[in-house]
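Student: got a predicted structure plus its sequence, pasted below:
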Amino acid sequence: MKIRNHQFDSEEVVLDFHDYEGCEFNKCRFVVLGYGPFTLNKCEVHSCEFSFAGPAAGTIQTMANIYRIGDQGKALIEATFESIRSGRTTGQAKAD
């Protein structure tokens, strides 16, 4: 669903399957469920927080568990973060 030029104030905003363009978010709580993609295009975000539920929360828990495995787990998660920072988000990362 595409939402354009809307102002959100102190609301819970589910991001999955939404395309927000030119919107303004003030003191909102973004919820990422992990069921589908979303975009925030040319939006202004002020004093908002993110929360993760459903599959997205499960993914974060899985990554935390991998990180705690030891050096190889830490390297894999750090490589994943580096691929995100560099824009190479293929879903694969390799620990050196």
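Tutor: Received, thanks. Residues are numbered from 1 along each chain as shown.
Student: sketch out the low-pLDDT regions of this structure for me.
Tutor: Applying pLDDT under 70 to the chain picks out residues 89-96.
Student: quick check, central residue of it?
Tutor: Central residue of the chain (Cα atoms, centre = their mean): residue 32, 6.5 Å from the mean position.
Student: quickly list what that one is bridged to.
Tutor: Note on residue 32: beta-bridge partners residue 52, judged by DSSP bridges.
Student: contacts only, for it.
Tutor: Contact analysis of residue 32 by Cβ atoms under 8 Å, 6 or more residues apart in numbering lists 15-16, 38, 50-53, 56. Just so you know, the C-beta spots here come from the backbone N, C-alpha and C atoms, and that holds for glycine as well.
Student: check residue 56 too.
Tutor: Neighbours of residue 56 in contact, by Cβ under 8 Å, 6+ apart: 32-34.
Student: would you list these in JSON lines and tack on distance to residue 43?
Tutor: Formatted as JSON lines, the contacts of residue 56 follow (distance: Cβ to Cβ, whole Å):
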{"residue": "32", "distance to residue 43": "15"}
{"residue": "33", "distance to residue 43": "19"}
{"residue": "34", "distance to residue 43": "20"}
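Student: how does the protein divide into domains?
Tutor: Under automatic domain parsing, the residue ranges defining each domain of the chain are 2-52, 55-86.
Student: and the last one, how far out from the chain's middle?
Tutor: Put plainly, it is domain 55-86. Distance of domain 55-86 from its chain centroid, counting by Cα atoms, centre = their mean, to the nearest Å, is 14 Å.
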